[in-house]
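Participant: Sequence plus the predicted model coming up.
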Amino acid sequence: MAVREILLLGNPKLYEVSKEVKSKEINNLSPIIKDLHDTLMDFRKKYNAGRAIAAPQIGVMKRIIYMYLDKPFVFINPLIVKKSDELMNVWDDCMSFPYLLVKIKRHKTCSIKYLDENFNEHILKLKDDLSELLQHEYDHLNGVLAVSRAIDGKSFAIKSARGD
């Protein structure tokens, strides 16, 4: 099992913009995807949370998102191509700050264009919690953390202390 260290809030690498994956790199993706999977599953075991992880969170500065719901999904070079005007308030959490919640606004729906592990192009329309999840992971690829999107200075809570 290749569990990688998750970079924590304050690590300067989390604020860097990730580089696009080039087609010639396709043969190098399998170990990265396996590490993302193993790290996500390890986080789930420890914290009973976690549905997705972005490559920069393990120090790989490539535009890759790994999501595991009922099966794995890999998003290579994702691009959000459409966002709804309708916003929703959410308490966002992150594997890079596992005990902190941040209240932010996210688009209720979004469409994302991406490549799979075979470099086949797809477009996926997401809504509600999956829309929020992919926007969160997409932000990681651009060096943006949820703490930077807080609604205001009172939009932070420790998970065990949240009262709603």
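Facilitator: Now that the structure is in, tell me what you want to look at.

Participant: Now do the strands in this structure.
Facilitator: Remark: strands assigned in the chain by DSSP state E are 52-54, 64-68, 72-83, 87-94, 97-107, 109-115, 121-127, 156-158.

Participant: okay, the ones you listed, which one's buried deepest?
Facilitator: Among the strands of the chain, ranked by average contacts under mean count of other Cβ atoms under 10 Å, first place goes to strand 52-54 (a mean of 25). Where you see a C-beta, it was placed from the backbone N, CA and C, and this is true even at glycine.

Participant: Touching stretch 116-130 from outside, list them.
Facilitator: Contact partners of stretch 116-130, identified using Cβ atoms under 8 Å, 6 or more residues apart in numbering, comprise 23, 26, 29-30, 33, 74, 76, 81, 88, 108-115, 133-134.

Participant: in the sheet, who's paired with the spatially closest residue to residue 91 that is not a sequence neighbour?
Facilitator: Spatial nearest neighbour of residue 91, chain neighbours left out: residue 101 (4.5 Å); criterion: Cβ to Cβ, 6 or more residues apart in numbering. Residue 101 has these beta-bridge partners by DSSP bridges: residue 157.

Participant: list the contacts for residue 101?
Facilitator: Contacts of residue 101 by Cβ under 8 Å, 6+ apart are 91-93, 156-159, 162.

Participant: which of the residues you listed sit farthest apart?
Facilitator: The span of the contacts of residue 101, defined through Cβ to Cβ, is set by 92 and 158 at 13.9 Å.

Participant: still on that earlier bit, would you turn the strands of the chain into TSV with distance to residue 10?
Facilitator: Converted to TSV, these look like this (distance: least, Cβ to Cβ, whole Å):
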stretch	distance to residue 10
strand 52-54	17
strand 64-68	22
strand 72-83	25
strand 87-94	12
strand 97-107	9
strand 109-115	28
strand 121-127	29
strand 156-158	15
